[in-house]
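Undergrad: Quick one: sequence and predicted model below, then my questions.
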Amino acid sequence: MMSPNPGTKYRAFPPVALATRTWPDKVITRPPIWMSTDLRDGNQSLIEPMNVQRKLRLFHQLVRIGFKEIEVAFPSASQTDFDFVRRLIDEDRIPDDVTIEVLTQSREDLIHRTMESLQGARRAIVHLYNPVAPVFRRVVFGKTREEVKEIALFGTRLIRQLADARPDTEWRFQYSPEAFSMTELDYAKEVCDAVVQAWGATREQPMILNLPSTVECTTPNVYADQIEWMHRHLAQREAIILSVHPHNDRGTAVASAELAVMAGADRVEGCLFGNGERTGNVDLVTLALNLYTQGVHPGLDFSDIDAVRQCAEACNQLPVHPRHPYAGDLVFTAFSGSHQDAIRKGFARQKAGAIWEVPYLPIDPADLGRNYDAVIRVNSQSGKGGVTFLLENECGLSLPRRLQIEFSRVVQQATDATGKEADARHIRTLFEREYLDHRMPYAYNGHAVTSSASDGMTRLEIDVDHQGRRITRHGLGNGPIDAFVDALGLNIRVMDYHEHAIGSGADAKAACYVELRVDGGPTLFGVGIAGNILTASFKALLSGVNRHLLAVAQEVQRAEAVPA
Ligand SMILES: CC(=O)SCCNC(=O)CCNC(=O)[C@H](O)C(C)(C)COP(=O)(O)OP(=O)(O)OC[C@H]1O[C@@H](n2cnc3c(N)ncnc32)[C@H](O)[C@@H]1OP(=O)(O)O
Ligand SMILES: CC(C)C(=O)C(=O)O
Ligand SMILES: [Mg+2]
């Protein structure tokens, strides 16, 4: 049960005294060094860790995306992880410009096994960690500050010694004071300075110092302050590649990473789609594409985001949420009417090569290999914009504005009745049923222009079915439509008329929309599609007449059904 007074159980994280902080004014203008830990931190968080096959598949996907540093295993943890590192090296699967990284605790046997796994590697990063925060010192280790610092120094010296004994590999060293963000800053600095010195890092041969928010426990601005404080106070900053490793316990890992980069971090560790322990490591896809939408190329290639997502889902055996930024199934989909309207107008105005300005879409789906098909989907929350967009895209029909309004009511009735989404095919069917399929009471069979005489009048013979009976009639008018109306012998007033071609070449068709009023009733539309514009316009007239007569018949039925 939730406590009515959480202050007795939980305490607020204290802010950092850093009055002269500079990060709020910084702008990220280049990408950080990315490090994927999908195959280590991501893997250790899975219900079933990846086998070698799945790890290989994900490794090659990470290489394709463009990661140059990949933490591939915790080799002393399991035979699978050890064997995986061996396969990468023995089968020469690591591209020249990619460096693999492995993680170890600061324990003698584990360090020996870790170094053994890397035998023969061209280049490798050995990553040592130990927890340094007060709760770990007290609860997990029962050690003093000095003793915990000594754990870090022991591992650093041993790795230095083993690395020096294997000069054929180009070694790099990384140290993480685990749970950094929960640690007193002066103590974190003391441990880190000691490790940097013990390793012998220099400007020419820097080491990676990784400051994790192992469990995210502050607002992102506090993490940024902690990073800036370290950035400014570390004794040998020039000998350090400053790295961050945010987790997402408060749901703000992406913000933490972004602010940390503004605060001085050079490097970010995380996983694709935010996989990782508990609520995940920071999501590298979101981080990278956030940069991209600011006009900064992240140096990672997500131009086939669906393939990356499918690979991650298959390897992790975990789904990516449909609303996941940039990658989820629904993130480029608008259901609601005003959004659809704005997106449709945005697409219509967007010019190739111009700055992207489609409302509600922060990125062009095409940049990620997504198409526009699913951008607009229609349910009962949708308006004319979405319906119009789908008809345009699916059938090449550009409805005049008032017809858009008329037909969107038809779609809304249908979606309200079912409570379900109407896909493009369903909308097309509704449109055909409403405007194109009526053959009662009138159906078009043919026409002939008998003369277009010198008096400027059109004479027309029409061949139509009326109530299933074939009839021929003649009409005279100041144009074909006028003559057709005359031949029908009905009281029809044509209020508006639109036409356009559908497609091009031999298969091109004509679409015609007429807005009319029959017998002084309400205005309504008729639509005709045919191989030529004249036939399309006659069909459109009959469509409108049939719709009017059907509405009248339904009205009569309704009136008769009401008990007296
Ligand atoms: C935040 C992170 O993601 S850190 C990475 C965490 N990832 C993993 O742990 C996954 C792989 N790990 C494993 O499979 C196991 O931990 C192994 C195989 C490496 C080691 O297993 P075990 O030997 O059974 O030890 P276990 O993991 O339980 O470690 C506990 C012991 O190590 C000590 N320890 C924990 N971390 C460290 C460290 N970084 N350096 C030195 N000692 C450590 C603990 O204090 C404890 O000591 P104690 O037994 O004297 O009380
Ligand atoms: C090993 C370290 C970097 C880690 O994964 C963490 O602290 O979250
Ligand atoms: Mg982690």
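TA: Nice, I can see it. Ligands and ions are numbered 1, 2, ... in the order given.
Undergrad: who in the stretch 151-300 of the chain is up against ligand 2?
TA: For the stretch 151-300 of the chain, the residues in contact with ligand 2 (C-beta under 6 Å from any ligand atom) are 176, 178, 210, 212, 214, 245, 247. C-beta coordinates here come from the backbone N, C-alpha and C atoms, glycine included.
Undergrad: For those residues, give me TSV that also has secondary structure.
TA: Formatted as TSV, those follow (DSSP: H, G, I helix; E, B strand; the rest coil):
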residue	secondary structure
S176	strand
E178	strand
N210	strand
P212	strand
T214	coil
H245	strand
H247	strand
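Undergrad: top of these by neighbour count?
TA: H245 (29 neighbours; other C-beta atoms under 10 Å).
Undergrad: what about the residue nearest to it when sequence neighbours are not counted, distance to Y497?
TA: Nearest non-adjacent residue to H245, counting by C-beta to C-beta, 6 or more residues apart in numbering: P212, 3.7 Å away. The gap separating P212 from Y497 is 68 Å, by C-beta to C-beta, to the nearest Å.
Undergrad: Pretty sure L56 sits against D83.
TA: No. Counting by C-beta atoms under 8 Å, L56 stays clear of D83, with 11.0 Å between them.
Undergrad: and R459, what are its bridge partners?
TA: S451, L476 (DSSP bridges).
Undergrad: where does it sit relative to L516, distance-wise?
TA: Applying C-beta to C-beta to R459 and L516 gives a distance of 22 Å.
Undergrad: Quick check on the residue nearest the centre of the chain: phi, psi?
TA: Centroid-nearest residue in the chain: Y326, 1.8 Å away (criterion: C-alpha atoms, centre = their mean). The phi and psi torsions at Y326 (degrees, to the nearest 10) take the values phi 70, psi -30.
Undergrad: Which residue, neighbours along the chain excluded, lies closest to it?
TA: L289 (4.6 Å).
Undergrad: Past the helix or strand harbouring the one you found, which element shows up next along the chain?
TA: Remark: L289 resides in helix 284-292, with elements defined by DSSP states H and E. Going down the chain from helix 284-292, the next helix or strand is helix 305-316, by DSSP H and E.
Undergrad: Retrieve the pLDDT associated with the residue nearest to Y187 when sequence neighbours are not counted.
TA: Closest residue in space to Y187, ignoring its immediate chain neighbours: R145 at 5.8 Å, by C-beta to C-beta, 6+ apart. Looking at R145, its pLDDT reads 98.
Undergrad: ok, now which ones touch R145?
TA: 137, 187, 190 (C-beta atoms under 8 Å, 6 or more residues apart in numbering).
Undergrad: Now flag whichever of the residues you listed is closest to V485.
TA: Y187 (91.3 Å; C-beta to C-beta).
Undergrad: now for the helix or strand hosting that closest one, which elements pack on it?
TA: According to DSSP H and E, Y187 maps onto helix 185-199. Judged by 3 or more C-beta pairs under 8 Å, 6 or more residues apart in numbering; DSSP states H and E, the packing partners of helix 185-199 are helix 145-164, strand 170-178, strand 207-213, helix 220-233.
Undergrad: let's see it at 10 Å
TA: Applying 3 or more C-beta pairs under 10 Å, 6 or more residues apart in numbering; DSSP states H and E, we find helix 185-199 packed against strand 123-131, helix 145-164, strand 170-178, strand 207-213, helix 220-233, strand 240-246.
Undergrad: from the chain's centre, how far out does the longest helix seen in the chain sit?
TA: Secondary structure of the chain per DSSP state H: the longest helix is helix 533-561. In terms of C-alpha atoms, centre = their mean, to the nearest Å, the centre of helix 533-561 is found 45 Å from the chain centre.
Undergrad: Quickly list the domain ranges of this protein.
TA: 28-316, 337-436, 442-560 (automatic domain parsing).
Undergrad: Average pLDDT for the last one, rounded please.
TA: What domain 442-560 shows for mean pLDDT is 93.
Undergrad: And the shortest one, by the same measure?
TA: The average pLDDT for domain 337-436 rounds to 88.
Undergrad: Just the terminal-to-terminal distance for that domain.
TA: Domain 337-436 stretches 25 Å from its first residue to its last (C-alpha to C-alpha, to the nearest Å).
Undergrad: got the residues of the chain near ligand 1?
TA: 41, 44, 74, 76-77, 105-107, 110, 129-130, 140-141, 151, 178, 214, 277.
Undergrad: go with 5 Å
TA: By the rule C-beta under 5 Å from any ligand atom, the part of the chain lying against ligand 1 is 44, 74, 77, 105-107, 130, 214.
Undergrad: Take these and keep only those in strands.
TA: 105, 130 (DSSP state E).
Undergrad: Spatially, which two of the residues of the chain next to ligand 1 are the most separated?
TA: R107 and T214 (18.4 Å).
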